[in-house]
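Enquirer: quick one: sequence plus predicted model below, questions after.
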Amino acid sequence: MKLFAISDLHLNHQVNRHALEALPPQLEDWLIIAGDVGEKPEHLEFALRILQSRFRQLIWVPGNHDLWTLPGDSDGLRGEHRYLQLVSICRKYRVPTPEDPYPIWNGEGLRCTIAPLFLLYDYSFRPAEVPEERAVDWAMESGILCADEAYLHPDPYKSRNDWCEARCRVTARRLAETDPTLPLVIVNHFPLRYDVVRLPAIPRFSIWCGTSRTENWHQRYRAAVVVSGHLHVRGTLFRDGVRFEEVSLGYPKQWHPERGMQPYLREILPGPPTAAV
């Protein structure tokens with residue numbers, strides 16, 4: 001029994017949907033879905049309906065695209081209400097979320113706690129000389145503007161920064177209460193550290209990629225592996241002896257659909273990780 005992870009399925013693209021439908025079963029394995037399944041709740045339901053019969057256990061965290069409220073959305077749910085709607089869908093399929101008890105991994109490799117998190121960003125992944133109030137303008141100077149600015153609403157919080165602060169506070173408390181004898185696999189859509197954000201083509205997009213509040217969480221909370229997506233840059237990095245896995249699939253031009261989706265499932269445990277493809 002192995003633990004795999006993938007993120008950024010972006011099922012609004014037909015190629016990605018077809019690849020998911022063709023994914024062969026791995027009935028003894030667990031799969032982490034690390035956010036950005038799609039832009040609508042129906043995308044999440046589509047994914048869970050397929051994957052629940054192909055893996056022994058699924059675990060989900062939200063990405064920014066999952067939380068969008070698009071023009072014309074029939075339900076009009078925004079912010080935390082959208083998030084809780086997605087949690088409800090996961091619970092229908094018995095998929096643990098950041099709102100549920102953390103699962104314990106007893107498969108191959110380390111016995112550990114798997115901690116799915118929902119944290120956001122607060123524009124703190126920026127150079128020290130750029131003040132927070134200029135962060136978005138600084139990004140826009142290079143032609144970069146994240147669609148979250150239009151579609152990811154923070155309701156009932158005043159801003160996404162405030163929502164991020166609240167999520168970090170409640171999550172830190174929960175992580176501190178985990179079994180101190182077990183290491184953790186920490187899962188979050190956004191990277192936990194600024195120095196693992198590798199975006200050579202669009203470096204200023206970093207402000208929408210995480211928060212410096214979590215910079216030392218891999219050490220503070222006994223992480224064996226940290227899993228994230230969002231960057232669409234698959235790879236493995238090590239920081240302070242901890243393995244950081246970026247597990248994105250991405251848009252059709254960012255992977256090879258002719259290979260199918262299975263090679264893009266990254267092995268988290270027991271490891272070593274699968275090679276980047």
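Expert: In hand now; what should we look at?
Enquirer: now for L3: which residues touch it?
Expert: Neighbour list for L3: 29-32, 105, 107-109, 114, 185, 267-269 [criterion: CB atoms under 8 Å, 6 or more residues apart in numbering]. C-betas here are computed from N, CA, C, even on glycine.
Enquirer: could I get the pLDDT score of Y102?
Expert: Y102 carries a pLDDT score of 98 in this model.
Enquirer: actually L11, not the one I wrote
Expert: 98.
Enquirer: most centrally placed residue in this structure?
Expert: Nearest to the mean C-alpha position of the chain, counting by CA atoms, centre = their mean, stands H189 at 1.8 Å.
Enquirer: could you list the low-confidence segments of the stretch 151-277 of the chain?
Expert: Regions of the stretch 151-277 of the chain meeting the criterion pLDDT under 70 cover residues 273-277.
Enquirer: hmm, the residue nearest to the centre of the chain is touching A34, no?
Expert: Yes - assessed by CB atoms under 8 Å, H189 is found in contact with A34 at 5.7 Å.
Enquirer: what sits in contact with each of the two?
Expert: Joint contacts of H189 and A34 (CB under 8 Å, 6+ apart) are 7, 61, 63, 228-229.
Enquirer: remind me, longest helix of the protein?
Expert: Criterion DSSP state H: the longest helix present in the chain is helix 160-176.
Enquirer: now do the buried residues in the helix or strand just after that helix.
Expert: Counting by DSSP states H and E, the next helix or strand C-terminal to helix 160-176 is strand 184-187. Across strand 184-187, burial judged by 16 or more other CB atoms under 10 Å covers 184-187.
Enquirer: which residue, other than its chain neighbours, is closest to G109?
Expert: Leaving aside its sequence neighbours, G109 sits nearest to P270 (CB to CB, 6 or more residues apart in numbering; 2.9 Å).
Enquirer: can you give me every residue that contacts that neighbour?
Expert: 2, 107-110.
Enquirer: for the buried residues of strand 184-187, which one is nearest E133?
Expert: I186 (30.4 Å; CB to CB).
Enquirer: ok, that closest one touching V226?
Expert: Yes - the pair I186 / V226 is scored as a contact, 4.9 Å apart, by CB under 8 Å.
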